[in-house]
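Engineer: Kindly generate the corresponding structure for this input.
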Amino acid sequence: MKLEQLLLKNEETQQRTVISIVGMGGSRKMTLGKKIYKTAKTSFDCHAWIYVSQSFEKKDILKRMLEGFYESRKEAATNHGKTMDETNIGEMINDYLQGKRYALFLDDICDTSVWDDVKYALPHDGGSKIIFTTRSENTARPHLVEVGNAMVKRCKGLPLAIVVIGGLMSKKSTDLAEWNDVLENLDWELKDNEDLARLNRVLLTSYNYLPFHLKYCFLYCGLFPEDHVIKRKKLIRVWVAEGFIEEHPRKTPKEVSSKITLLSSAQLIDRNLLQPVIDETTGELIA
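Structural biologist: Residues are numbered from 1 along each chain as shown. Got it, this is the predicted structure:
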């Protein structure tokens, strides 16, 4: 049901969406994919199902894609594909799909190069959907490259903005919907284009995606002056005084808060929202 919703959802941005089904061999990925394909294909202007073998050839995949799209519309496939090279076939697919909302299913992809070989032939707009099944987590990630590049462009070359948003996305799953949600929150096209406004937008986005308990931790850092070294012990005392630390039957509030502070500060550091101070002798985090 979730896959059907993702497949049939009309995206506001009208950009193509890539959905990956990842699982070990024998987990019935193909069975699931075929069921979704049968249910959803009629909602698109054209569609194609391609099985990708381990010994795939780029030209063969492109040729079968073109034939599949033609067949789905009950149109006679052109014979030019037999004599054309892969680049020309890709261009033909791109021309044919212009103005159409298409669905493409790539079954059993085992190599990231498959996506690299075919993506140039697929238009970006129209709210089209691409689903592929794979056994490899790494293979499931290439579709994030495009939205990742879009995020970098929105940062307008600001190093701090790129670092902060990179820290945020490192904690995200490979769910494209999550990444697109973050990307939409970084849309400054109709906003003030001053550097400070863009940077504040990135920092606000990273803050909004913090877990609830980390928001309190980060906001408390605002009590200290800019570039001030925040000692963990001092932060612990503030938290205890505010009553943020839950009581533990066998531990003092200080012991509980010390552990929480260490974990929380590490997560904020991972997201590039805090800059750590490391003891050069021991290598331990001191502030």
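Engineer: Now stretch 22-38: buried residues?
Structural biologist: By neighbour count on 16 or more other Cβ atoms under 10 Å, the buried set for stretch 22-38 is 22, 29, 33, 36-37. From N, CA and C alone the C-beta is placed, and that goes for glycine too.
Engineer: So, low pLDDT: which residues of the stretch 1-150 of the chain?
Structural biologist: By pLDDT under 70, the low-scoring segments of the stretch 1-150 of the chain are 10-13, 54-55, 78-82, 112, 136-141, 143.
Engineer: can you give me the strands in it?
Structural biologist: Per DSSP state E, counting those that start in this stretch, the stretch 1-150 of the chain carries strands over the ranges 17-22, 46-51, 102-109, 129-134.
Engineer: Does anything pack onto the longest one? Which helices or strands?
Structural biologist: Strand 102-109 is packed against helix 29-40, strand 46-51, helix 113-118, strand 129-134, with contacts defined by 3 or more Cβ pairs under 8 Å, 6 or more residues apart in numbering; DSSP states H and E.
Engineer: Off-centre distance for the longest one?
Structural biologist: In terms of Cα atoms, centre = their mean, to the nearest Å, the gap separating the centre of helix 29-40 from the centre of its chain is 23 Å.
Engineer: what secondary structure does the residue nearest the centre of the chain sit in?
Structural biologist: Geometric centre of the chain, nearest residue: residue 179, 3.6 Å, by Cα atoms, centre = their mean. Recorded secondary structure, residue 179: helix (DSSP: H, G, I helix; E, B strand; the rest coil).
Engineer: tell me which of the buried residues of stretch 22-38 is nearest to residue 273?
Structural biologist: residue 22 (30.2 Å; Cβ to Cβ).
Engineer: Across the sheet, point out what pairs with the closest one.
Structural biologist: Note on residue 22: beta-bridge partners by DSSP bridges are residue 134.
Engineer: ok, back up a step: in CSV, list the buried residues of stretch 22-38 along with distance to residue 102.
Structural biologist: Listed next are the buried residues of stretch 22-38 as CSV, based on distance: Cβ to Cβ, whole Å:
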residue, distance to residue 102
22, 23
29, 21
33, 16
36, 15
37, 13
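Engineer: What helix or strand is the closest residue to residue 267 other than its chain neighbours located in?
Structural biologist: Once flanking residues are discounted, residue 267 sits nearest to residue 214: 6.0 Å by Cβ to Cβ, 6 or more residues apart in numbering. Using DSSP states H and E, residue 214 falls within helix 212-221.
Engineer: Return the set of buried residues in that helix.
Structural biologist: 214, 217-218, 220.
Engineer: Kindly export that helix (C-alpha atoms) in PDB.
Structural biologist: Extracted in PDB, the C-alpha atoms of helix 212-221 (Å, rounded to 0.1, in the frame of the first residue of the first chain):
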ATOM      1  CA  PHE A 212      12.800  16.900  20.100                       C
ATOM      2  CA  HIS A 213      15.200  16.500  23.000                       C
ATOM      3  CA  LEU A 214      18.100  17.800  21.000                       C
ATOM      4  CA  LYS A 215      16.300  21.000  20.200                       C
ATOM      5  CA  TYR A 216      16.400  21.900  23.900                       C
ATOM      6  CA  CYS A 217      20.100  21.100  24.100                       C
ATOM      7  CA  PHE A 218      20.900  23.200  21.100                       C
ATOM      8  CA  LEU A 219      18.700  26.100  22.200                       C
ATOM      9  CA  TYR A 220      20.500  26.200  25.500                       C
ATOM     10  CA  CYS A 221      23.800  26.700  23.700                       C
END
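Engineer: Distance from the chain centre to that helix, please.
Structural biologist: That offset, for helix 212-221, works out to 25 Å (Cα atoms, centre = their mean).
Engineer: about what we covered before: what's the separation between the residue nearest to residue 267 and residue 271?
Structural biologist: Plainly put, residue 214 is 8 Å away from residue 271 if you go by Cβ to Cβ, to the nearest Å.
Engineer: Verify the stated contact: residue 15 with residue 125.
Structural biologist: Yes: assessed by Cβ atoms under 8 Å, residue 15 is found in contact with residue 125 at 6.4 Å.
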